[in-house]
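Give me coordinates for this.
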Amino acid sequence: MTVFSQQDFDGHEQVVFASDAETGLRAIIAIHNTVRGPALGGCRMWAYASEGDAVRDALRLSRGMTYKNALADLPFGGGKSVIIGDARSQKSPELIAAMGRAVDRLAGRYIIAEDVGTSVEDMAVVRNVTRHVAGLKDGGSGDPSPATARGVFMGIRAAVDYRLRRNSLDGLRVVVQGLGHVGWDLCRQLADEGVRLSVSDIRQDHVERAVETFGAAPIDTDSIFDVEADVFAPCALGAVINDNTLPRLKVAVVAGSSNNQLAEDRHGALLAERGILYAPDYVINAGGVINISHEFGPSGTGYDRATAFAHVDRIHDTLMTIFKRADADGVPTNVAADRIAEERFKLSRVA
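Purely as a prediction, here's the structure:
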């Protein structure tokens with residue numbers, strides 16, 4: 001297995017392989033870029049099919065965090081870590097502590113937080129062995145999903161304003177794919193604004209609950225891309241915009257919380273050709289990391305939720321800037337977003 005020749009290797013500053021024989025820890029920490037500050041990104045625990053898949057995921061996710069943190073105007077670079085293993089059967093406090101010790105050996109170059117397969121409770125365990133951790137429940141920001149959902153909500157407002165010239169969501173038709181923590185809270189916010197919801201999830205009980213709570217229309221998972229609506233909000237899997245699904249979309253906007261929504265970058269151009277406005281995923285779903293970043297506020301002040309969520313709300317303005325830049329440059333929105341992010345992390349170091 002090689003690293004430097006990996007398709008997803010993008011000048012990463014550091015890639016660390018960590019192991020612990022006693023706990024069975026096998027982990028990879030990827031630091032992509034620290035121009036703006038120490039790398040901040042979550043820890044994912046997943047039963048990868050191979051070590052190569054784990055490396056690829058760490059490289060790809062860490063690069064994405066550099067772009068996400070830059071466009072969120074955070075004083076942090078991009079990093080990510082992955083633990084190879086089934087979180088349901090192989091995770092233990094001892095293994096998580098071993099991961100924390102691996103992070104501590106990096107002396108602050110990487111700050112760990114929760115992600116898929118890890119939790120705020122796990123981060124409390126990590127805090128026992130290193131101070132380079134974020135997303136804590138006690139005295140910290142806690143569960144990041146409400147902030148992520150808030151950012152997606154504000155992003156939908158921006159996209160609807162720009163594409164449909166509407167400053168109200170009342171009566172809007174939104175299709176939400178995925179009713180996990182973020183998707184559910186997004187539905188709640190949209191329903192409060194009078195949005196007509198259609199929902200889909202692999203868990204039927206989640207769908208039934210949304211029908212009962214929000215008056216949502218249930219949609220089969222295989223038919224979610226065929227629903228005629230104003231907005232499609234993918235809040236589950238990545239790569240949902242691909243050669244098969246894109247031609248089926250009957251919406252004006254794609255704006256959701258899923259990571260890596262485009263199967264390939266070229267699908268951003270194809271969306272633009274069809275007149276569908278795409279809110280780049282790493283911009284609209286940055287609410288969680290923005291919220292976490294406020295645990296590192298001015299010395300002595302600590303985390304303040306109102307200040308953090310006011311920063312999350314700025315996702316609206318960031319997306320408006322991207323939409324305008326895309327039109328001015330004649331490029332897809334994902335390209336415009338990348339250009340703005342690169343201007344921020346490649347040219348100068350945050351003071």
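
For residue 267, see how far away residue 149 is.
24 Å (C-beta to C-beta, to the nearest Å). Where C-beta positions appear, they are placed from N, C-alpha and C, glycine not excepted.

Tell me which of the two has more neighbours.
Each of residue 149 and residue 267 has its neighbours counted (other C-beta atoms under 10 Å); residue 149 has more, 26 against 22.

what's the closest non-adjacent residue to the residue nearest the centre of the chain?
In the chain, the C-alpha nearest the mean C-alpha coordinate belongs to residue 285, at 4.6 Å (C-alpha atoms, centre = their mean). Spatially, and ignoring its direct neighbours in sequence, residue 285 is nearest to residue 257 (4.5 Å; C-beta to C-beta, 6 or more residues apart in numbering).

Doesn't the one you found belong to a strand?
No: counting by DSSP: H, G, I helix; E, B strand; the rest coil, residue 257 falls outside a strand, being coil.

what about it, neighbour count?
31.

wait, it sits on residue 149?
Yes: the pair residue 257 / residue 149 is scored as a contact, 7.1 Å apart, by C-beta atoms under 8 Å.

tell me, what's touching these two both at once?
Taking C-beta atoms under 8 Å, 6 or more residues apart in numbering as the contact rule, residue 257 and residue 149 both touch 182-183, 186.

ok, the residue lying closest to residue 229 once chain neighbours are set aside - contacts?
Distances taken as C-beta to C-beta, 6+ apart put residue 173 closest to residue 229, at 4.0 Å, once the chain neighbours are dropped. By C-beta under 8 Å, 6+ apart, the contact set of residue 173 is 195-196, 198, 228-231.

Rebuild those as JSON lines, extending it with distance to residue 244.
JSON lines is the format used below for those (distance: C-beta to C-beta, whole Å):
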{"residue": "195", "distance to residue 244": "27"}
{"residue": "196", "distance to residue 244": "26"}
{"residue": "198", "distance to residue 244": "20"}
{"residue": "228", "distance to residue 244": "18"}
{"residue": "229", "distance to residue 244": "19"}
{"residue": "230", "distance to residue 244": "22"}
{"residue": "231", "distance to residue 244": "20"}
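
out of those, which are buried?
Buried members of those, scored by 16 or more other C-beta atoms under 10 Å, are 195-196, 198, 229-231.

Tell me the one of these nearest residue 81?
Relative to residue 81, the closest of these is residue 231; by C-beta to C-beta it sits at 32.9 Å.

Please report phi then psi for the closest one.
The phi/psi pair for residue 231 (degrees, to the nearest 10) reads phi -130, psi 140.

Show me the domain layout of the chain.
Split into domains by automatic domain parsing, the chain comes to 14-67+76-127, 145-285+317-337.

can you tell which of those domains is closest to residue 136?
For the domains of the chain, the distance to residue 136 is smallest for domain 14-67+76-127, at 5.7 Å, taking C-beta to C-beta.

How far does that closest one sit from its chain's centre?
Relative to its chain's centre, domain 14-67+76-127 lies at 15 Å (C-alpha atoms, centre = their mean, to the nearest Å).

how far does it stretch from start to finish?
23 Å (C-alpha to C-alpha, to the nearest Å).

what number of residues lie near residue 13?
Residues near residue 13, counting by other C-beta under 10 Å: 17.

Quick one: residues contacting it.
Residue 13 neighbours (C-beta under 8 Å, 6+ apart): 31-34.
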